[in-house]
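**Student:** predicted model follows, preceded by the sequence.
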Amino acid sequence: MSQLILRKAYLIVAGYLMIKDKRAGDGSRVETKGVMPLEGMIMDLAYQVADMTIPEIDRAFPLATAGRIATDLSQWRQFCETIIKGHDQPDRNERLIVCANGRGYLKALCMTRVMQTEEGPVLDVPVQVIATVVDEEGVRRAMHDGLVALAYKTGSVLRETAAA
């Protein structure tokens, strides 16, 4: 299994994750069964970056306290539920994004919002918390790739303003 993973290259092309087989020499052969939309925003086999779900709210609370987003669990729950339920409303532009490792443990949390500027829509990331001692660079890279995919999906440009 690990030998197979080492022979694959993962590319983001027009909103799709494409898996190219490096054994073709120039990487020109694309496995069609490996092409998938970025709906789940899987950027790295070790990490999954996606919108926070209701079951993840309590699990994300330690990250929220580390990032000084919240100090009270009940207020945190209400805050998250408001943002998560607002995804279906066109006037709501905030999201909570989490990064989970292969075992489902949350390793990062960020809050995003799409802002209209003179240059056009910008995906702003006012708060980002990375909490790992093992693979900080891998989590940071997966989170960044997920945010780039979200910016593409929302038709905006990524602007990261803080990291904790």
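**Tutor:** Sure thing, it's come through.

**Student:** give me the phi and psi for residue 150.
**Tutor:** Backbone torsions for residue 150, taken as degrees, to the nearest 10, come to phi -70, psi -40.

**Student:** my guess is it meets residue 93, correct?
**Tutor:** No - assessed by Cβ atoms under 8 Å, residue 150 is found out of contact with residue 93, at 11.4 Å. In this view, the C-beta of every residue, glycine as well, is placed from N, C-alpha and C.

**Student:** between those two, who's got more neighbours?
**Tutor:** For residue 150 and residue 93, the more surrounded residue by other Cβ atoms under 10 Å is residue 150, and the numbers stand at 23 against 18.

**Student:** contacting residues around the more buried one?
**Tutor:** Shown in contact with residue 150 (Cβ atoms under 8 Å, 6 or more residues apart in numbering): 41, 95, 97, 112, 123.

**Student:** not counting its neighbours along the chain, what's nearest the third one?
**Tutor:** Using Cβ to Cβ, 6 or more residues apart in numbering and skipping the chain neighbours, the partner closest in space to residue 97 is residue 110 (5.0 Å).

**Student:** is the one you found in a bridge, and if so with what?
**Tutor:** The residues listed as beta-bridge partners of residue 110 by DSSP bridges are residue 97, residue 128.

**Student:** how is the protein divided into domains?
**Tutor:** Per the record, the chain has its domains at 1-38, 41-160, by automatic domain parsing.

**Student:** quick one: mean pLDDT over whichever strand or helix holds residue 142.
**Tutor:** Secondary structure from DSSP states H and E places residue 142 in helix 136-154. Rounded to a whole number, the mean pLDDT of helix 136-154 is 93.
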